[in-house]
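Asks: Based on what follows, work out the 3D shape:
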Amino acid sequence: MLELIWKGALIGAGATLVMDLWAVVLTAVFKQPKANWAPVGRWFYHLKKGQIFHHSIADAEPYGHELALGWISHYAVGIAYGIMLALMVGPAWFAAPTLFPAWIWGIVTVAAGWFLLQPGLGIGWAASKTPNPNKVRALNLAAHTVFGLGLWLTALVVG
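Replies: Residues are numbered from 1 along each chain as shown. From the prediction side, this is the model:
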């Protein structure tokens, strides 16, 4: 069981790294704004006070290390997702990893962003309060597809 958890943590971290590399490509090639994890760090900071949903995270009390906390939280969530996948698929999957379960799990994980994080930041369910929600949703789905691909690729290495 412990080995499965370790492998899950590794594939979660690897998949998050792959997703971050995808974000770099989007910035370099398609001129998408760089990922800013500071608002996520501020949101996580306010969770300890029991505040989940904000009208606007920008109006919430700042936290001095919110960018660092945002990055740490981003990787912690990715690692947690990797562990969850590992526990769902079991050790047999690691012996011969296939893309389909990792990809499906990557798509499923977008729900936490759409229905918890984004409303928590004050940008609405599935980014409904943003200027172009469908673009945000498409980018979210693409990022989580890449995350799923990263889970699988990292599992091939970790085996």
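
Asks: Quick one: the helices in this protein, in order.
Replies: 2-30, 38-47, 66-89, 91-95, 99-108, 110-112, 118-121, 133-158 (DSSP state H).

Asks: Reformat the ones you listed into a markdown table and put mean pLDDT next to each item.
Replies: A markdown table is the format used below for those (pLDDT from 0 to 100):
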| stretch | mean pLDDT |
| --- | --- |
| helix 2-30 | 97 |
| helix 38-47 | 98 |
| helix 66-89 | 98 |
| helix 91-95 | 97 |
| helix 99-108 | 98 |
| helix 110-112 | 98 |
| helix 118-121 | 98 |
| helix 133-158 | 98 |
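
Asks: Residues contacting stretch 113-125, please?
Replies: 39-40, 43, 52-59, 126-127, 129-130, 133, 137, 140, 144 (C-beta atoms under 8 Å, 6 or more residues apart in numbering). For every residue, glycine as well, the C-beta is placed using N, CA and C.

Asks: Oh, that last question was meant for stretch 86-97, not what I typed.
Replies: In contact with stretch 86-97 (C-beta under 8 Å, 6+ apart) are residues 3-5, 7-8, 11, 101, 105, 152, 155-156, 158-159.

Asks: Just the buried residues of those residues.
Replies: 4, 7-8, 11, 101, 105, 152, 155, 158 (16 or more other C-beta atoms under 10 Å).

Asks: roughly how far is stretch 29-45 from the heart of the chain?
Replies: 11 Å (C-alpha atoms, centre = their mean, to the nearest Å).

Asks: how long is that stretch from one end to the other?
Replies: One end of stretch 29-45 sits 33 Å from the other (C-alpha to C-alpha, to the nearest Å).

Asks: contacting residues around it?
Replies: 20, 23, 26-27, 54, 57-58, 60, 62-63, 65-74, 117, 120-121, 139.
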